[in-house]
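Undergrad: Quick one, structure for this:
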Amino acid sequence: MSKKEKLLKIRQNPKNVRFEDIDNLLLSLGFQKRQRGSHATYTLSGGRPLTIPLRKPFILPVYVKQVLLLLNELEEPDS
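TA: Predicted coordinates:
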């Protein structure tokens, strides 16, 4: 599944997103991952960190929405 297909799947249904899907998507976009215990923190070139708790089988929708907001900010050109 390509990055665009995965992102579309996540946007369509934020309640059924696995941690592995978010992890693979963020890492493929160049984010750095640091994991301590049950939380993973992602950063992109000195930007604000994004922390996601590991929860099986699906992560909470609030964290999926945070990821989507962050990705939308990255897509927007600077004004």
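Undergrad: Find the residue ranges of the chain scoring beneath the pLDDT cut-off.
TA: 1, 77-79 (pLDDT under 70).
Undergrad: List the buried residues of the longest helix along it.
TA: In the chain, with assignment by DSSP state H, the single longest helix is helix 61-75. Within helix 61-75, the residues that count as buried by 16 or more other CB atoms under 10 Å are Tyr63, Val64, Val67, Leu70. For the C-beta atoms, the positions are set from N, CA and C on the backbone; glycine is no exception.
Undergrad: hang on, the second one packs against Ile22?
TA: Yes: at 7.0 Å, Val64 counts as touching Ile22 under the criterion of CB atoms under 8 Å.
Undergrad: Now the common contact residues for these two.
TA: Counting by CB atoms under 8 Å, 6 or more residues apart in numbering, the shared contacts of Val64 and Ile22 are Ile10.
Undergrad: Dump the buried residues of helix 61-75 to JSON lines, plus distance to Gln12.
TA: Conversion of these to JSON lines gives the following (distance: CB to CB, whole Å):
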{"residue": "Tyr63", "distance to Gln12": "17"}
{"residue": "Val64", "distance to Gln12": "11"}
{"residue": "Val67", "distance to Gln12": "14"}
{"residue": "Leu70", "distance to Gln12": "18"}
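Undergrad: Which one of those is nearest to Pro14?
TA: Distances from Pro14 to these, taken as CB to CB, are shortest for Val64 (3.9 Å).
Undergrad: what's the closest one in contact with, if anything?
TA: Ile10, Pro14, Lys15, Val17, Ile22.
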